[in-house]
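Engineer: next input, structure requested:
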Amino acid sequence: MDKIIRDVMTVSLKKRDEERMKKNAEELVDDLKKNAEKEKEESVKEEEKVTTEVVDKAVTEKHQIKEEKKKEADQKPTAEKAEVPTTEVKHLN
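Structural biologist: This next block holds a predicted model:
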């Protein structure tokens, strides 16, 4: 009779341990999935941030180029007006 009780208790304990291990494994898998999702979201946010920075930099550079061209265009007429025609002077000696 003791052996039967011992066997039943052993089976019961093994079953309980298996259920705990299964539950722990499921929790680990869930945690891994959550962490992977967080990493994915952070990666997407980082990519969006980098993309935004690149676009902002490109827009800024384009704006600077336009400003430089505008300044050059504004300076050309001024430079042309500033030029004094040279005349030749012949010395009579």
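Engineer: make it CA atoms for all contacts and neighbour counts henceforth
Structural biologist: OK.
Engineer: what ranges do the helices span in the chain?
Structural biologist: 2-82 (DSSP state H).
Engineer: low-scoring stretches of it, by residue?
Structural biologist: Segments of the chain classed as low confidence (criterion: pLDDT under 70) are 76-89, 91-93.
Engineer: ok, now with 80
Structural biologist: Within the chain, the segments meeting pLDDT under 80 span 72-93.
Engineer: next one: stretch 33-47 to chain centre, how far?
Structural biologist: Relative to the centre of its chain, stretch 33-47 is centred 11 Å away, using CA atoms, centre = their mean, to the nearest Å.
Engineer: repeat for stretch 52-71
Structural biologist: The gap between the average C-alpha position of stretch 52-71 and the chain average comes to 21 Å, counting by CA atoms, centre = their mean.
Engineer: give the buried residues for that stretch.
Structural biologist: Judged by neighbour count (16 or more other CA atoms under 10 Å), stretch 52-71 contains no buried residues.
Engineer: could you do stretch 14-26 as well?
Structural biologist: Of the residues in stretch 14-26, none is buried (16+ other CA under 10 Å).
Engineer: send over it as CSV, restricted to the C-alpha atoms.
Structural biologist: Coordinates of the C-alpha atoms in stretch 14-26 are reproduced here as CSV (Å, rounded to 0.1, in the frame of the first residue of the first chain):
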residue,chain,number,x,y,z
LYS,A,14,5.9,14.8,-11.9
LYS,A,15,2.7,16.0,-13.5
ARG,A,16,2.8,19.2,-11.4
ASP,A,17,6.4,19.8,-12.3
GLU,A,18,5.7,19.3,-16.0
GLU,A,19,2.8,21.8,-15.8
ARG,A,20,5.0,24.3,-14.1
MET,A,21,7.8,23.8,-16.7
LYS,A,22,5.3,24.2,-19.5
LYS,A,23,3.9,27.4,-17.9
ASN,A,24,7.3,28.8,-17.4
ALA,A,25,8.3,28.0,-21.0
GLU,A,26,5.1,29.7,-22.3
